[in-house]
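[1] With the sequence up front, the predicted model follows.
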Amino acid sequence: MKPRIAMVAAAVVALAGAREAHAFERQHHLGFGGGFSLLKAENTSLAPGGGGALHYSYGLKDNLNLLVEGGTSVLSIPATEGFAGASGSRTLLLSHAAAGIGYSFDVVQWVPYVGLLGGGYLVHGPASDGVVGAAGAQAALGIDYQVSRSFSVGLALRQHFLLSKISTYPSYTTAFLRAEYVWGW
């Protein structure tokens, strides 16, 4: 009997403190983020790095959003792997611009979301063979915390797929902390 009372009491406390997430149609989100990037390139070990991105979203429906983002990661490719006669590490820049659709789960102040985006990628820098373009896609997963009606912070996880260069760059992942300004409610 006591575990049931504790569960009911916990549910009442959680629901009593809950506030709305304020996700609306025609709501705009504009922000930036930065964090960790990880690339697996052909003939190399995992290449870690960091990067940043700008993002914009627009509420098409209450839970359905247009997503637009662009970003760049700076990655460190071990030069001894795949680069004859080189030692140390070499820099690789991986930039992208993408657009797609996301679905938000409005849960109190925490707003988890998923999405799919398509776009273009550029691989350039000292560790690449010139500038290499690739068509790609990304699976988006994230969670935002609405600090106020006009400001939120969150975590954006992206698994990128450089579709036209998938054998050369089979895995590219980013994990960015982000902040955004919200208007149009």
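    Yep, that arrived.
[2] In the sheet, which residues pair with the closest residue to residue 183 other than its chain neighbours? Tell me.
    In this structure, residue 183 finds its nearest non-sequential neighbour in residue 28, 5.3 Å apart by C-beta to C-beta, 6 or more residues apart in numbering. To be clear about C-beta, it is placed using only N, CA and C from the backbone, and glycine gets the same treatment. Per DSSP bridges, the residues bridged to residue 28 are residue 58, residue 183.
[3] ok, residue 28 - contacts?
    Contacts for residue 28 (C-beta atoms under 8 Å, 6 or more residues apart in numbering) come out as 56-59, 182-184.
[4] What pLDDT is listed against it?
    pLDDT, residue 28: 95.
[5] Against residue 65, how distant is it?
    Applying C-beta to C-beta, to the nearest Å, the value for residue 28 to residue 65 is 10 Å.
[6] so what sits against both of those two?
    With C-beta under 8 Å, 6+ apart, residue 28 and residue 65 have common neighbours 57-59.
[7] Name the member of those residues that has the highest neighbour count.
    Highest neighbour count within those: residue 57, with 23 neighbours (other C-beta atoms under 10 Å).
[8] In this structure that residue contacts residue 99, no?
    No: Residue 57 lies out of contact with residue 99 (C-beta atoms under 8 Å); the separation is 10.2 Å.
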